[in-house]
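Peer 1: got a sequence here, can you build the structure:
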Amino acid sequence: RLLARVAHGNYGFVVAGRPANVTMATSCLGASADVIAHRVVDVPPDQVRVLVVVSFDKNKAPRIEGQLRPPAPESLRLSRRLADQVELNAAVDPIVYTLAVPTWKQESTAVLSRQRVMACPRFADILGESDNALTVTITGDQSFLTIDAVFECIERTRDEAVVSLVQSCTSQQMFSLFCAGKFLLLPAVSDACRLALCDSLDPYTVPLAAWVAHQHNDEELMTRCYWFLKEMLGSRTVPSAWDENHGSVRVADGVLHRAFEGSRTVTVPLSAFESVVEADTAKKARLLTPSMGYTLCQLHRIRQADGAYPHVYEVRLDHNDETILVGHKESEQSVVHIFSQPGVTSQFAECYMGVVEPGFWGTSFHLFDSGASDAVASLCKGLPLRRRRELCSVGYETNLLGDCPRKITVQVECEDGKVTMENLAPKWDSKIGSYALPFFGRVKLASAKNFQLVVDGNRDNIFFIFGKVQKDVFALDFRNPLSPLDAFAIAISSLAKKRAVA
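Peer 2: Numbers count the residues shown, from 1 in each chain. Model (predicted):
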């Protein structure tokens, strides 16, 4: 057996010595009593690194956690044993560093040798020139930060084995490692953990991920949690365990709860996601803001065999062929959801930009931004949302016979109010026997879908040009006061099926 002296009744301590076989102490008689540990488990001496008392109470036997390491090469064993001995000696009069981050345990204490401390940005400035070691005490009520995770971060970062460490972690260990990486200011660890957490989010881990993200002000992880929650709540894919009254995971009174066995619960106020909504609004402003000069684009329509649905529309910039907007239309009379990235179809995705809603007769179309409708807001149970607003409307004059060109009216919401535009009326050309309109070389093929928008019939001030270049490819040019999203919606309306317009 081995003896160790405890200075204070609520103080953690490090135990090391020979033989390196220890277990829980069977008794603890007071604040200054000897703690007796009986040998009941055989542990190879070269695997024992540090043993930490994490929950000490003078009326109870202390609980001891062991950090076991795989056998080290023979050349390193001596130096590691010496380092552990230095840690033990330094613990007699330690430098105490108390962390103001909560922990699941009431108290955790460990001693780091000078070599480990100097390798860690978090502690390097704390240790004095004459100090041999640093004692770290983690206190609080709730967190995933543990002494084991702190040691893992320092050890694996030194060995440049972060990726293998993350891949070998369980879900619980991943949260602990992420918190330790944040605390120790080791971005290689926290970034790798964040990536793994984002890829493995599910209805049961997202409250925990949101909680640690909120505690550590990690906007990237917070953003991923927000969009996961919005997708799950808005699309009605909430699992049965998310019971509002008795579920282990629930949203109630504007708070996300995750309950564990016993009385442990983590809570995240949904208002914590407001910064995500603000950042999303700023990010999407580029496609909602008009530019002063002309923006020259092409719209590509991608159809299934024989023109069948669904249809995909892509807006590509002329000068670099970059795709800036993508629209998805499931059927002839369905709405068109617009995204800033290809390959996405969910209206709850982060890259969702808005929707074009057609009227039954095909004579009216309305563009709404990516804000939430009343129906979506009721499903999302207090999650911060922008409410949707109408940006643009397009109207086509009824013309069942098709005996004259289309007449189009567009109303756009601007900062200074509403702007009304109308299409420039084409003129009859007797030489070709049809109506004609100059498109300045931008349009190559005749089509009823070709048109230009002006204000008050002023032919010298054109704001919008749309026309056919080849099959399923159209020129799309626009300028202030039309934003890219406005122009895309107007073009989509021209391609839509119209029951009351020939």
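
Peer 1: list the contacts for Asp472?
Peer 2: His300, Arg301, Ile302, Arg303 (C-beta atoms under 8 Å, 6 or more residues apart in numbering). C-betas here are computed from N, CA, C, even on glycine.

Peer 1: ok, of those residues, which come out buried?
Peer 2: Buried subset of these (neighbour count, 16 or more other C-beta atoms under 10 Å): His300, Arg301.

Peer 1: can you list which of the contacts of Asp472 are found in helices?
Peer 2: In helices, judged by DSSP state H, none of the contacts of Asp472 are found.

Peer 1: greatest separation within the contacts of Asp472: which pair is it?
Peer 2: Farthest-apart pair in those is His300 and Arg303; separation 10.4 Å (C-beta to C-beta).

Peer 1: could you dump the contacts of Asp472 to TSV with distance to Ser373 and pLDDT?
Peer 2: Formatted as TSV, these follow (distance: C-beta to C-beta, whole Å; pLDDT from 0 to 100):
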residue	distance to Ser373	pLDDT
His300	29	97
Arg301	27	96
Ile302	27	96
Arg303	29	93
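
Peer 1: just the helices in the chain please.
Peer 2: Under DSSP H, the chain gives helices at 74-90, 114-118, 147-158, 162-167, 171-183, 187-199, 206-215, 219-234, 274-288, 374-379, 484-495.

Peer 1: any idea which of those is most buried?
Peer 2: helix 484-495 (a mean of 25; mean count of other C-beta atoms under 10 Å).

Peer 1: which residues does that helix contact?
Peer 2: 287-288, 290, 295, 297, 299, 301, 313, 315, 324-325, 327, 329, 336, 338, 353-354, 356, 358, 365, 367, 369, 391-392, 394, 396, 410, 412, 449, 451, 453, 464, 466, 474, 476, 478, 482.

Peer 1: and with 7 Å instead?
Peer 2: 287-288, 295, 299, 301, 313, 315, 324-325, 327, 336, 338, 353-354, 356, 365, 367, 391-392, 394, 410, 412, 449, 451, 464, 466, 474, 476, 478 (C-beta atoms under 7 Å, 6 or more residues apart in numbering).

Peer 1: are any of those buried, and which?
Peer 2: The buried subset of these - by 16+ other C-beta under 10 Å - is 287-288, 295, 299, 301, 313, 315, 324-325, 327, 336, 338, 353-354, 356, 365, 367, 391-392, 394, 410, 412, 449, 451, 464, 466, 474, 476, 478.

Peer 1: next step: those residues restricted to strands.
Peer 2: Secondary structure defined by DSSP state E assigns 295, 299, 301, 313, 315, 324-325, 327, 336, 338, 353-354, 356, 365, 367, 391-392, 394, 410, 412, 451, 464, 466, 474, 476, 478 of these to strands.

Peer 1: state the pLDDT value of Ile432.
Peer 2: Model confidence at Ile432, given as pLDDT, is 79.

Peer 1: next one: the one 10 residues further on
Peer 2: In the prediction, the pLDDT value recorded for Arg442 is 92.

Peer 1: ok, it touching Asp477?
Peer 2: Yes - with contact defined as C-beta atoms under 7 Å, Arg442 reaches Asp477; the gap is 6.3 Å.

Peer 1: overlap of the contact sets of these two?
Peer 2: The contact sets of Arg442 and Asp477 overlap at Ile465 (C-beta under 7 Å, 6+ apart).

Peer 1: and the pLDDT for Ser447?
Peer 2: Looking at Ser447, the pLDDT reads 88.

Peer 1: next, it: phi, psi?
Peer 2: Main-chain dihedrals, Ser447, degrees, to the nearest 10: phi -170, psi 150.

Peer 1: number of residues surrounding it?
Peer 2: Using other C-beta atoms under 10 Å, the number of residues around Ser447 comes to 13.

Peer 1: contact partners of stretch 417-436?
Peer 2: Outside stretch 417-436, the residues touching it (C-beta under 7 Å, 6+ apart) are 405-412, 437, 451-455, 459, 463, 481.

Peer 1: measure Gly371 to Arg388 for me?
Peer 2: To Arg388, Gly371 is 3 Å away according to C-beta to C-beta, to the nearest Å.

Peer 1: ignore what I typed, I meant Ser240.
Peer 2: 30 Å.

Peer 1: the two: who's more crowded?
Peer 2: Taking neighbours as other C-beta under 10 Å, Ser240 and Arg388 compare with Arg388 leading, 17 against 6.

Peer 1: hmm, back to that, closest one to Pro269 out of the contacts of Asp472, please.
Peer 2: Ile302 (43.3 Å).

Peer 1: which residues touch the closest one?
Peer 2: His311, Val312, Glu314.

Peer 1: look up how far Lys471 lies from it.
Peer 2: On the measure of C-beta to C-beta, Ile302 and Lys471 end up 12 Å apart.

Peer 1: return the residues in contact with the nearest residue to Leu385 once chain neighbours are set aside.
Peer 2: Closest residue to Leu385 in three dimensions, ignoring its sequence neighbours and counting by C-beta to C-beta, 6 or more residues apart in numbering: Ala372, at 4.2 Å. Ala372 sits next to Cys380, Leu385, Arg386, Arg387, Arg388 when contact means C-beta under 7 Å, 6+ apart.

Peer 1: I am finished for the moment; much appreciated.
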